[in-house]
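In: One predicted model, sequence on top.
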Amino acid sequence: MKDKSRQKAPSRVEADMDVLETARAVIRIEADGVARLEERLGDDFRRAVETMVECVEAGGKIIVTGVGKSGIIAKKIAATMNSTGTTAFFMHPVEAVHGDLGMVNSGDVVVAISKSGKSEELAALLPTFKRLGTAIIALTGDLESDLAHESAVALDVGVDAEACPFDLVPTASTSCALAMGDALAVAIFVRRGLRAEHFAFHHPGGSLGKRLLLTVGDIMHVGEEVPLVGENATMREALVEIIEKRLGVTGVTGDDGKLVGIITDGDIKRILMGNPDVKDIRDIEVGSVMTRNPRTIGAGELVAKAIQTMEADAGRLITSLMIVDSDGRPTGIVHMHDCLRTGIA
């Protein structure tokens with residue numbers, strides 16, 4: 001006789017569905033928690049940003065601290081601030097009471113992260129911060145906590161529930177603290193009027209740094225490497241220039257030295273195909289067949305922009321770009337291969 005009290009184990013399909021539903025619930029709960037932060041932003045957030053901007057512009061630094069999962073979030077926020085030009089570092093509360101407090105000065109700002117606002121490790125630091133006159137900005141889920149009351153500004157990052165089924169493991173709360181920290185970092189960046197170049201200064205390595213720092217002037221061909229002929233030159237002379245300079249193109253200049261057009265090896269093919277009666281194009285004047293008003297760029301522009309310029313017209317992609325000065329005179333040339341070798345594209 002079968003034991004009817006024994007339940008049938010869930011099938012693999014049912015188990016997979018449970019996993020997916022759990023994952024969806026976690027993402028939904030965390031997304032809802034982060035979305036609600038927007039409604040809480042107001043004067044307190046503005047004061048927090050102004051406090052940190054004043055600190056950094058006066059030569060101070062931002063100290064971000066927290067314990068456990070909040071400490072991990074604090075490290076990320078400090079890293080984001082540093083990468084956006086706001087001097088910051090993470091300080092572990094336990095290490096702080098054993099000497100690291102020596103890194104904190106009166107003009108600094110402390111960003112303290114605690115879900116409950118009752119962390120014993122952080123509480124032990126508050127008297128020292130007050131003696132130093134260090135401003136505290138709290139990211140906490142309890143605005144009635146001691147941490148919130150002792151802070152110059154307390155930002156609410158509380159959640160209705162964690163994504164953990166037992167409402168225990170910091171999940172939604174850490175996501176909200178991270179989002180608020182990112183909001184502070186970016187708001188400070190914008191408030192200080194910084195630009196992409198400032199961001200790039202702190203990211204000199206890798207494709208990101210190259211994309212934001214490397215200019216056309218850093219990689220362009222100059223001097224004798226630049227293929228150029230006069231407007232009254234013959235196609236014979238243009239062909240020699242194209243072949244010798246090995247860039248598949250030559251610029252064309254007027255009597256005043258300004259760039260007036262361009263001839264490519266592709267143009268030569270099109271001239272021959274479009275004029276079957278022409279047996280020899282070598283004696284044709286360049287000015288009668290060149291492409292006028294070619295795309296150009298300045299030496300100070302980013303390599304990334306040079307690539308965009310070459311690819312701007314999907315129906316007429318080009319592989320070389322003439323560099324001109326403010327008067328329209330050619331100073332160099334860059335080929336798509338030069339750009340690709342930088343690793344940007």
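Out: Received, thanks.

In: phi, psi of the spatially closest residue to residue 179 that is not a sequence neighbour?
Out: Spatial nearest neighbour of residue 179, chain neighbours left out: residue 34 (4.7 Å); criterion: C-beta to C-beta, 6 or more residues apart in numbering. C-beta: built from backbone N, CA, C; applies to glycine. With angles defined as degrees, to the nearest 10, residue 34 sits at phi -70, psi -40.

In: who touches residue 34 in this structure?
Out: 175, 176, 179 (C-beta atoms under 8 Å, 6 or more residues apart in numbering).

In: Give me the pLDDT value at it.
Out: In this model, residue 34 is scored at 96, pLDDT.

In: So what's the gap between stretch 32-45 and the chain middle?
Out: Put simply, stretch 32-45 sits 24 Å off its chain's centre (C-alpha atoms, centre = their mean, to the nearest Å).

In: cool, stretch 236-247 as well?
Out: With C-alpha atoms, centre = their mean, you get 41 Å for stretch 236-247.

In: residues in contact with that stretch?
Out: 221, 225-229, 248-250, 252, 263-265, 268, 282-283, 286, 320, 333, 335.

In: How about stretch 41-54?
Out: 62, 86, 109, 135, 137, 152-155, 183-184, 187-188, 191-192.

In: Would you mind writing the CA trace of it as PDB?
Out: In PDB, the C-alpha atoms belonging to stretch 41-54 read as follows (Å, rounded to 0.1, in the frame of the first residue of the first chain):
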ATOM      1  CA  LEU A  41      15.000  64.000  -3.100                       C
ATOM      2  CA  GLY A  42      14.700  67.600  -2.000                       C
ATOM      3  CA  ASP A  43      16.500  70.300   0.100                       C
ATOM      4  CA  ASP A  44      18.300  67.700   2.200                       C
ATOM      5  CA  PHE A  45      20.000  66.300  -0.900                       C
ATOM      6  CA  ARG A  46      20.900  69.800  -2.200                       C
ATOM      7  CA  ARG A  47      22.500  70.600   1.200                       C
ATOM      8  CA  ALA A  48      24.400  67.300   1.100                       C
ATOM      9  CA  VAL A  49      25.800  68.100  -2.400                       C
ATOM     10  CA  GLU A  50      26.700  71.700  -1.400                       C
ATOM     11  CA  THR A  51      28.400  70.500   1.700                       C
ATOM     12  CA  MET A  52      30.600  68.100  -0.200                       C
ATOM     13  CA  VAL A  53      31.300  70.600  -3.000                       C
ATOM     14  CA  GLU A  54      32.500  73.200  -0.500                       C
END
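
In: What average pLDDT does it get?
Out: 96.

In: do you know how far residue 95 is from residue 297?
Out: 51 Å (C-beta to C-beta, to the nearest Å).

In: Looking at the two, which is more packed in?
Out: When residue 95 and residue 297 are compared for neighbours, residue 297 comes out ahead with 22 against 14, by other C-beta atoms under 10 Å.
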